[in-house]
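>>> Sequence first, then the predicted structure, then my questions.
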Amino acid sequence: MVNLTLERIGARYGRREILSDASARVQGGVLTALVGANAAGKSTLFRRIAGHLRGAGHVRLDGAGHNDLRYMPQDTGMSAALTVYESIILALKQGGGGWRLSSAELSKVDETLRRFKITHLADQQLPELSGGQRQAVSIAQTLVSRPKVVLMDEPTSALDLNRQYEVLEALRLYAKENDAVMVLALHDLNQVMRCCAHTMALGESRIQAFGPTLEVLTPDMIRRLYGIDSRVERCSRGCPMMIVDGPADLVSM
Ligand SMILES: Nc1ncnc2c1ncn2[C@@H]1O[C@H](COP(=O)(O)OP(=O)(O)OP(=O)(O)O)[C@@H](O)[C@H]1O
């Protein structure tokens, strides 16, 4: 069983405190959403967990080592003169082990291309990809080594509607099959309600709530995080969805 435990995590840039006292135990096997307004500190929390930023508290991994952790930032460089296929091999080989590919490694590369439906892009040069294609390739690069702990910053922001749900479903299956801890920073709360079992809500430098998504994303919490009045209702197929009524201060005027 893989778990990621945050023990009183703090983060600051210079004297400016971004996060304090963040504690949570994130379990593997399901998708966990990280939500919060712009500048709430989502990327900062990821950087702190990934060890790119120092700060108070401890990050503990159970059932995985630090080498099993991958962080996919919001903006990933795709300017190298490599094909998609070469870039995915490079990502697989980052842990070392020489350039010769075993048959197990070759099948990991092919399976990852298939999983994210980018096999047809294998021979294309990275700089020639569209924004959405880049994002799908970046996700494949992140997952090709089958990491056990994955942090992804807005992994669907460049994808069309159909691809957003395809990719989220592929990520959900990845987490389940690999018992992986998978935390996704997302802005679309309907996507979160549909695809993520658990949600961590960041606001005012703290984790405001963490737990099963529908228990966290209440109208009260949405108002607190985003200043938006909303309702959470069920569609005719029984899926929960958020209906936005408008900015909270306008409604109350
Ligand atoms: N390298 C940095 N140096 C100084 N301040 C930074 C740095 N990176 C981020 N910040 C500040 O930290 C705060 C949190 O930024 P962060 O990128 O973590 O927010 P976020 O929740 O990921 O936002 P968004 O949803 O807009 O991507 C912001 O006020 C930002 O200006």
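Alright, I've got the coordinates.

>>> can you give me the helices in this structure?
Here the chain has its helices, by DSSP state H, at 42-50, 84-92, 103-115, 131-143, 161-178, 189-195, 213-216, 219-226, 248-252.

>>> among these, which is nearest residue 124?
helix 84-92 (5.5 Å; CB to CB). Where you see a C-beta, it was placed from the backbone N, CA and C, and this is true even at glycine.

>>> now that closest one, how far from the chain's geometric center?
20 Å (CA atoms, centre = their mean, to the nearest Å).

>>> Only C-alpha atoms, please: export it in CSV.
What follows is helix 84-92, C-alpha atoms only, in CSV (Å, rounded to 0.1, in the frame of the first residue of the first chain):
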residue,chain,number,x,y,z
VAL,A,84,8.2,11.9,-29.2
TYR,A,85,9.4,8.3,-29.0
GLU,A,86,13.0,9.4,-28.2
SER,A,87,11.8,11.8,-25.5
ILE,A,88,9.8,9.1,-23.8
ILE,A,89,12.9,6.7,-23.9
LEU,A,90,14.9,9.6,-22.4
ALA,A,91,12.3,10.0,-19.6
LEU,A,92,12.5,6.3,-18.9
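
>>> if I pick residue 71, what's in contact with it?
By CB atoms under 8 Å, 6 or more residues apart in numbering, the residues touching residue 71 are 46, 47, 49, 50, 52, 151, 152, 153.

>>> measure the fifth one to residue 44 for me?
This points to residue 52. Noted for residue 52: a distance of 10 Å to residue 44, by CB to CB, to the nearest Å.

>>> Could you check which of those two is surrounded by more residues?
residue 44 (20 against 12; other CB atoms under 10 Å).

>>> ok, that one touching residue 18?
Yes: contact criterion CB atoms under 8 Å: residue 44 and residue 18 qualify, at 4.7 Å.

>>> tell me, what's touching the two both at once?
Taking CB under 8 Å, 6+ apart as the criterion, residue 44 and residue 18 both touch residue 11.

>>> What is the neighbour count of residue 203?
By other CB under 10 Å, neighbour count at residue 203 equals 17.

>>> Look up the pLDDT of it for me, please.
With respect to pLDDT, residue 203 scores 96.

>>> doesn't residue 38 make contact with it?
No: taking contacts as CB under 8 Å, residue 203 lies outside contact range of residue 38: 11.5 Å.

>>> Pull up the residues of the protein that are close to the ligand.
Neighbours of the ligand within the chain, by CB under 6 Å from any ligand atom: 13, 18, 36, 38, 39, 40, 41, 42, 43, 44.

>>> quick one: the third one from residue 234, how far?
Applying CB to CB, the value for residue 36 to residue 234 is 25 Å.

>>> Which one of these two is surrounded by more residues?
residue 36 (20 against 9).

>>> got a list of what residue 181 touches?
Residue 181 neighbours (CB under 8 Å, 6+ apart): 2, 3, 4, 26, 27, 28, 32, 64, 148, 149, 150, 175.

>>> now for the residues you listed, which pair is the farthest apart?
Among the contacts of residue 181, 32 and 64 lie farthest apart (CB to CB), at 14.8 Å.

>>> Neighbour count for the two, which is higher?
Remark: of residue 32 and residue 64, residue 32 carries more neighbours, 23 against 18, as counted by other CB under 10 Å.

>>> and stretch 16-23, how far from the chain's centre?
Per CA atoms, centre = their mean, the centroid offset for stretch 16-23 relative to its chain is 20 Å.

>>> Pull out the buried residues from that stretch.
Neighbour counts using 16 or more other CB atoms under 10 Å place 18, 19, 20, 22 of stretch 16-23 among the buried residues.

>>> The ligand: which of those residues is nearest?
Nearest to the ligand, judged by CB to the nearest ligand atom, of those is residue 18 at 4.8 Å.
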